[in-house]
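**Q** Using only what follows, build the 3D model:
(one chain, ligands or ions: 2)
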Amino acid sequence: MYTLLSGLYKYMFQKDEYCILILGLDNAGKTTFLEQTKTKFSKNYKGMSLSKITTTVGLNIGTIDVGKARLMFWDLGGQEELQSLWDKYYAESHGVIYVIDSTDEERLSESKNAFEKMISSEALEGVPLLVLANKQDVENCLSVPDIKTAFSDCAPKIGKRDCLVQPCTALTGQGVNEGIEWMVKCVVRNIHRPPRHKDIT
Ligand SMILES: Nc1nc2c(ncn2[C@@H]2O[C@H](COP(=O)(O)OP(=O)(O)OP(=O)(O)O)[C@@H](O)[C@H]2O)c(=O)[nH]1
Ligand SMILES: [Mg+2]
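**A** Numbering: from 1, shown residues only. Ligands and ions are numbered 1, 2, ... in the order given. Down below sits the predicted model:
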């Protein structure tokens, strides 16, 4: 009887909480993506004007609920001197969203190096990786196959982790739902990083 009641309590009042890091070089569109995600997935969220977003110096936090899963996003600043702070969050995270500016071919190898360094960290072993090829609204931008080719030598380091490269336009929301739904599916089935249980308040 106790098991039945506690199961019912959990079903009704608890969420499984997952922490998702949003990483990538400065100007990639991480904060724009987070704002768009909050607008799309939170009923009463009145999003800030996307054109008012400025470079992130500390950390932006956002939370959305998708079914029984509660995703807590940590959007970190991507400037070079801030990248050294990324690894402080690895051990706590259940998934990583890595944002690439598909219009910036010049900085693609810089982005690849930051990505490679990040996935080399043992603290992120087994964590699903969603790579967003952002700014697909801009004509002649890099396509998903272009980006996959540029990042191809990272494949051995990605290993058996779930990984998806998703075309995206954070400004308009194109590709946002698909990316988030994929991430939810991956973190929920990842037995290596169990969620934290949170009472719904
Ligand atoms: N055309 C286009 N511009 C975008 C898109 N997403 C973001 N941007 C623009 O890219 C610029 C940087 O966006 P941010 O969201 O601040 O980038 P960030 O990755 O958070 O940058 P840092 O906080 O410095 O690490 C802004 O001018 C955005 O309007 C997109 O999908 N398409
Ligand atoms: Mg930002």
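**Q** Phi, psi for the residue nearest to residue 16 when sequence neighbours are not counted please.
**A** Spatial nearest neighbour of residue 16, chain neighbours left out: residue 195 (3.7 Å); criterion: C-beta to C-beta, 6 or more residues apart in numbering. For the C-beta atoms, the positions are set from N, CA and C on the backbone; glycine is no exception. Backbone torsions for residue 195, taken as degrees, to the nearest 10, come to phi -70, psi 170.
**Q** Determine the number of other residues adjacent to residue 195.
**A** Look at residue 195: counted by other C-beta atoms under 10 Å, it has 18 neighbours.
**Q** What does the pLDDT read for residue 164?
**A** With respect to pLDDT, residue 164 scores 98.
**Q** Secondary structure element for it, which one?
**A** strand 163-167 (DSSP states H and E).
**Q** From residue 115, how far off is residue 153?
**A** 11 Å (C-beta to C-beta, to the nearest Å).
**Q** hang on, the earlier thing: can you name the residues that contact the residue nearest to residue 16?
**A** For residue 195, the contact set (C-beta atoms under 8 Å, 6 or more residues apart in numbering) comprises 16-18, 69, 94, 187-188.
**Q** So for residue 153 and residue 115, which residue has more residues nearby?
**A** residue 115 (22 against 10).
**Q** so that one sits in a helix?
**A** Yes: according to DSSP: H, G, I helix; E, B strand; the rest coil, the state of residue 115 is that of a helix.
**Q** And the residue nearest to it when sequence neighbours are not counted, its phi and psi?
**A** Once flanking residues are discounted, residue 115 sits nearest to residue 98: 5.7 Å by C-beta to C-beta, 6+ apart. Backbone torsions for residue 98, taken as degrees, to the nearest 10, come to phi -110, psi 120.
**Q** Tell me if I'm right that residue 98 and residue 130 touch.
**A** Yes: judged on C-beta atoms under 8 Å, residue 98 makes contact with residue 130 at a distance of 7.1 Å.
**Q** Is residue 157 located within a helix, as I assumed?
**A** Yes: assigned with three-state DSSP, residue 157 falls within a helix.
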